[in-house]
Each structure stands twice: as structure tokens, then as C-alpha cells.
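> No letters, just coordinates:
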Ligand SMILES: [Zn+2]
């Protein structure tokens, strides 16, 4: 309580629910093709909906600590097509996912073999728009083995692939990821290479792949750098995501980047391509994305239940759907 005497009334006032950047992007719709909502709160969902995020893709990733058995993968994949999708719908956001064994966990061979066996049970489910996120972390032999096996699976299933590129040795890891994808017979137009930066973007685009950029504080890209990339490379096959997860990250990275791009003179049509349209075009190759669903999910009734559970807790009132003529 040392500092309370110095606080003024202004310091204590709640932050505005409508920060200035929301005015700049009013009426725009956003698609975040990489965000881990399992690790986020309902406040995040609400803020995303308020900022214009209408649909998202949640790639399967690692939990932050080692798994003890294949059943935890089963439960996790089930939650991505089940409970998390339902939770998202309660805020009017259409939720898709990609399913895969991520690079970090691929290093546990015994578990990986078991995961490969259950993957076909999940990748054909409704709303699964690709195999992901897969690729390299430490660039080990086991990572390569399961990356190849999953590329094969994607090819057989006719699904897009969402590639996680490594933080260490990024340039080499990205090149290797693309080399192997081509070697395994994938069409680059079915492959979204994620977590690009200034060092990797040119080659990814030149080789015909999609280039995704993660706006993630401190470790990946800031959105001022993203503005420069769009100014230099244009909008073709480029998309922006937040990759928000359990780390320090920003679930509003896509709408904030859109606002910054407009402010820095990029025209609205270009901003729309990199923060909405391109990601839809890439992942709709799965045959699982329909923009009409973005509107139907807007019919929000937070008193609905999923397997007997609701997002409301004891005595809470649901957020009413003010568009509905029915008053409950
Ligand atoms: Zn991720």
C-alpha cells in the first residue's frame, strides 16, 4: 500500500472499454488464424468480439509441461472440436482448429507413435481446417520423422498444413521445412508457413508458400515491423496472427495491427487481405470454412449448455442477445 497516497482519481478510473484504435477499424471483420484460446479467458473472447474478430483457428500445441500419456492428447483434441468451440460460440466467434503433433512433443517417440495412431480419428472431424501446428523446434531427427509422417497424412486427407517454424536457427529451419514439404509432394499453396520474419519472408513467398506472421510481444514480431513488411512485399499470400497462448501475448494483435496499418497509410483493401481474407482463402482449401457460419454463430445465447455445462457460473446472468426479438 506504499503508493496509494500518490494515486489520483484519474489513476483509479477504470480503463476505457473503447480504446481509440477501435474507431479506426469500426465495421471491419478479422480472422485470427492462429490463437490458443484454451489458455485464454472469457474476457479475451469478449474483447476480441468487440474488436471485430469474427472467426479464429486454434492449432493444437503443447501444454507447457510434458504429457504423461496419450489420453491427454485425446482429451485435448476433443476439447478443440468440442468445449472450446462451444465457448467461442458463446461470444459470437466461429472457432476452427488444426490438429497435429507439435514439434516439441514429437521428441517423445513412444508417445508420438501412439499419437500418430489417434490423429486420423480427429483430422476428418467437422471444423478441422488443417494439420497443425507441426514442423521443427530443435530440428532433431525425431521432429523430422513425425513432421514427414504428418505431411503424408495431410496429403492423403487433402488438408492444408500449418507449419511452426523454430525460434532458434529460424532461417535454416524454415528452409528445411519447405524443402521437406516439397519432397513429400505437397503443393506449396496448401502450406502455411508460420512465424515468419524479415529474414524468411522473401524465400517463403518466392517458393509459392503462404507466409504467416505472428505479432507476439518481445520474442517474435512487433506490429510496426509488420507494417513495413506489407509495404515492402504487398499482400499476396501474407497473413497476420496473434498466436496468443499461455505466455505473455496479445489476443487483440490482429485488430491492433489492422489499426496501425491504416494509421501508417496502408489502404483498407490491403489491410482486409492480410487480416481477414487471405487466411480464409488458405484454410478454406480444407472445404471446412464457410463465411455464412461467421454470421450464424452471432446468434448468441449464453444460457446454452454443452454436455450439461455452461460458461456461466452460479447465479450469473447471461449476456443477452440484443438483436433477438425473444426476451428471456
Ligand atoms: Zn502456436
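That came through fine. Not measured: the values here are computed from a predicted model.
> Find the nearest non-adjacent residue to whichever residue of the stretch 1-150 of the chain sits closest to the ion, please.
The ion sits closest to residue 61 of the stretch 1-150 of the chain, with a gap of 4.6 Å, by CB to the ion. Heads up, the C-betas are built off the backbone N, CA and C, glycines and all. Once flanking residues are discounted, residue 61 sits nearest to residue 102: 5.0 Å by CB to CB, 6 or more residues apart in numbering.
> The one you found: how many residues sit nearby?
Neighbours of residue 102 under the rule other CB atoms under 10 Å: 21.
> can you give me phi and psi for residue 118?
When quoted as degrees, to the nearest 10, the phi and psi of residue 118 stand at phi -90, psi -20.
> Could you check what's spatially nearest to it, not counting adjacent residues?
In space, residue 118 is closest to residue 74, 6.1 Å off (CB to CB, 6+ apart).
> Would you confirm that that neighbour contacts residue 115?
No: the pair residue 74 / residue 115 is not scored as a contact, 9.2 Å apart, by CB atoms under 8 Å.
> Look up how far residue 124 lies from the residue of the stretch 101-250 of the chain found nearest the ion.
The stretch 101-250 of the chain approaches the ion most closely through residue 243 (4.6 Å), counting by CB to the ion. Applying CB to CB, to the nearest Å, the value for residue 243 to residue 124 is 25 Å.
> Look at these two and report which has more neighbours.
Shown here are residue 243 and residue 124; by other CB under 10 Å, residue 243 has more neighbours (28 against 12).
> what does the host helix or strand of residue 294 contact?
Following DSSP states H and E, one finds residue 294 within helix 292-296. Identification of contacts with helix 292-296 by CB atoms under 8 Å, 6 or more residues apart in numbering yields 29, 54, 55, 94.
> so the residue of the stretch 1-150 of the chain closest to the ion touches residue 245, yeah?
Yes: using CB under 8 Å, residue 61 is in contact with residue 245, at 7.0 Å.
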